[in-house]
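*Asks:* take a look and give me a structure for this.
(one chain, ligands or ions: 1)
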Amino acid sequence: MRVAVFNTKAYDRRFLSEANAGFGHDLHFLEPRLEPATAALAAGHGAVCVFVNDIVDAGVLEALAAGGTRLVALRCAGFNNVDLAAAARLGIDVVRVPAYSPHAVAEFTLGLLLAVDRKIPRAWTRVRENNFALDGLIGRNLHGRTVGVIGTGKIGALVARSLRLGFGCDVLASDLYPDPALEAAGVRYVPRDALLREAEIVSLHCPLTPDTRHLIDAAAIALARDGLVIVNTSRGALIDTAALIEGLKSRKIGAVALDVYEQEADLFFKDLSNEIVSDDQFQRLLTFPNVLVTGHQAFLTEEALCAIAGTTLQSIADAEAGSALANRVDAAKIAPAR
Ligand code: NAD
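*Replies:* Numbers count the residues shown, from 1 in each chain. From the prediction side, this is the model:
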């Protein structure tokens, strides 16, 4: 099938091209992201392949449909950037990669937590300047601390299990569907407010939905224990950034590690080192010594990129053959529940 692959970086081209040897799709790699101004580039392509920050709203989908596109293949798990109702109305199927490597994201989450909690980036900066003083680098043991995991699907379950069984944390969890296997491992499901009140560390792993948007807001931060550590590798808009900044300024929040950011679509995945970044909230976040930010890279392992490429190209092949789409995002099934 002819596929317009939007928003591609060198690593996307490498892994998709390698995997495509087994499929033979006609892949057209495009640098710009999919948005209203670039949708016309997909004309004549049966499928578009997009990533987390491409805009797949009703207007874009209408332009795609007019150009003959019948499939949107997300090379990611989240699908909050797609208007599923509009896609269904226009007869465009949407597929995603539901589980390319939950381990990639879970391991990065633990890395971020350890890094911010034990002040590893600050220590490295000092050592590079031959400053071996330890003042200001005191951390906390993870062992014995109470960690709240919000969303215990594929990624959250791995994080909860590692923290419980590997580090010996007291792990609280919140999810619409408690996982009995995690409960058997000693994870305790509690209502979200109870989790926010009790946890010393909160790690976010639920999808972005109307229910979870700004899940961490001023009210949630007010409930929390002093010195709360927040880790977010899920979606930026789970956190109200203005409230987060206020929480950091008041010292209610002890540390924050983010791999995702509410307004990341204007920043992440680009080299802006020669540009003026005009997002004042983002710049303010970077000024705090207890904030660590990475640019949405939790998924970025060789294993995950291989799996993403293979699953995406298989879905495109299934669509071309008219077979059932195992990874179809079904608006009717998903939207009301989450
Ligand atoms: P998943 O679907 O397996 O798990 C999500 C869990 O969240 C489910 O158990 C679901 O029941 C739960 N949930 C839904 N609504 C909830 C709510 N209101 N409160 C509590 N729990 C709720 O998804 P996953 O593969 O574990 O991925 C989790 C999230 O991680 C994705 O939605 C995506 O946004 C993000 N992600 C980020 C990266 C990255 O590189 N940073 C990579 C992959 C996924």
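
*Asks:* now do the contacts for the residue of the stretch 51-200 of the chain at minimum distance from the ligand.
*Replies:* Per C-beta to the nearest ligand atom, Gly153 is where the stretch 51-200 of the chain lies closest to the ligand, at 1.7 Å. Bear in mind the C-beta positions are built from the backbone N, C-alpha and C, glycine included. Listed by C-beta atoms under 8 Å, 6 or more residues apart in numbering, the contact set of Gly153 reads 175, 205-206.

*Asks:* and if you look at Ala66?
*Replies:* Neighbouring residues of Ala66 by C-beta under 8 Å, 6+ apart: Ala43.

*Asks:* likewise for Ala86?
*Replies:* If you count contacts by C-beta under 8 Å, 6+ apart, then Ala86 has 57-58, 61-62 around it.

*Asks:* pLDDT for the residues you listed - can I get that in CSV?
*Replies:* Below are these laid out as CSV (pLDDT from 0 to 100):
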residue, pLDDT
Asp57, 98
Ala58, 98
Leu61, 98
Glu62, 98
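
*Asks:* could you list which of those residues belong to helices?
*Replies:* Using DSSP state H, the members of the contacts of Ala86 that fall in helices are 58, 61-62.

*Asks:* can you give me the helices in the stretch 151-300 of the chain?
*Replies:* Secondary structure of the stretch 151-300 of the chain (DSSP state H, counting those that start in this stretch): helices at 154-161, 180-184, 192-198, 218-223, 241-249, 280-287.

*Asks:* I'd like these laid out as JSON lines, including mean pLDDT and mean neighbour count.
*Replies:* Converted to JSON lines, the helices of the stretch 151-300 of the chain look like this (pLDDT from 0 to 100; neighbours: other C-beta atoms under 10 Å):
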{"stretch": "helix 154-161", "mean pLDDT": "97", "mean neighbour count": "24"}
{"stretch": "helix 180-184", "mean pLDDT": "98", "mean neighbour count": "12"}
{"stretch": "helix 192-198", "mean pLDDT": "98", "mean neighbour count": "18"}
{"stretch": "helix 218-223", "mean pLDDT": "98", "mean neighbour count": "16"}
{"stretch": "helix 241-249", "mean pLDDT": "98", "mean neighbour count": "19"}
{"stretch": "helix 280-287", "mean pLDDT": "98", "mean neighbour count": "13"}
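
*Asks:* can I get the ones you listed in TSV including distance to Gly22?
*Replies:* Listed next are the helices of the stretch 151-300 of the chain as TSV, based on distance: least, C-beta to C-beta, whole Å:
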stretch	distance to Gly22
helix 154-161	25
helix 180-184	34
helix 192-198	44
helix 218-223	46
helix 241-249	42
helix 280-287	40
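
*Asks:* Val94: which of these is closest?
*Replies:* Among the helices of the stretch 151-300 of the chain, the nearest to Val94 by C-beta to C-beta is helix 154-161 (19.3 Å).

*Asks:* list of residues touching that closest one?
*Replies:* Residues from elsewhere that reach helix 154-161 (C-beta under 8 Å, 6+ apart): 98-99, 102-103, 105-106, 109-110, 147, 149-150, 152, 171, 173, 175, 179, 181-182, 185, 187, 203, 205-206, 233-234.

*Asks:* show me these that map onto strands.
*Replies:* The strands, defined by DSSP state E, take in 147, 149-150, 171, 173, 203 from those.

*Asks:* so which of the residues you listed is the most crowded?
*Replies:* Using other C-beta atoms under 10 Å as the neighbour test, those are led by Val149, with 33 neighbours.

*Asks:* leaving out sequence neighbours, find the closest residue to that residue.
*Replies:* Spatial nearest neighbour of Val149, excluding adjacent residues (C-beta to C-beta, 6 or more residues apart in numbering): Ala160 at 4.4 Å.

*Asks:* next, the buried residues of stretch 291-302.
*Replies:* 291-294, 296, 298-301 (16 or more other C-beta atoms under 10 Å).

*Asks:* quick one, what contacts the residue nearest to Val60 when sequence neighbours are not counted?
*Replies:* Nearest in space to Val60, with sequence neighbours left out and distances taken as C-beta to C-beta, 6+ apart, is Ala39 at 4.8 Å. Applying C-beta under 8 Å, 6+ apart, we find Ala39 in contact with 59-60, 63-64, 67.

*Asks:* how many neighbouring residues does Arg126 have?
*Replies:* Residues near Arg126, counting by other C-beta under 10 Å, number 17.

*Asks:* verify the stated contact: it with Ala133.
*Replies:* Yes - contact criterion C-beta atoms under 8 Å: Arg126 and Ala133 qualify, at 7.1 Å.

*Asks:* now the helices: where do they sit in the stretch 1-150 of the chain?
*Replies:* Under DSSP H, counting those that start in this stretch, the stretch 1-150 of the chain gives helices at 10-20, 58-66, 84-90, 102-117, 120-128.

*Asks:* check those for me and report the most buried one.
*Replies:* helix 102-117 (a mean of 21; mean count of other C-beta atoms under 10 Å).

*Asks:* tell me which residues are up against that one.
*Replies:* Identification of contacts with helix 102-117 by C-beta under 8 Å, 6+ apart yields 120-121, 139-140, 142, 154-155, 157-159, 162-163, 201, 203, 205, 229, 231, 233, 255-257, 259, 290-292, 294, 297-301, 303-304.
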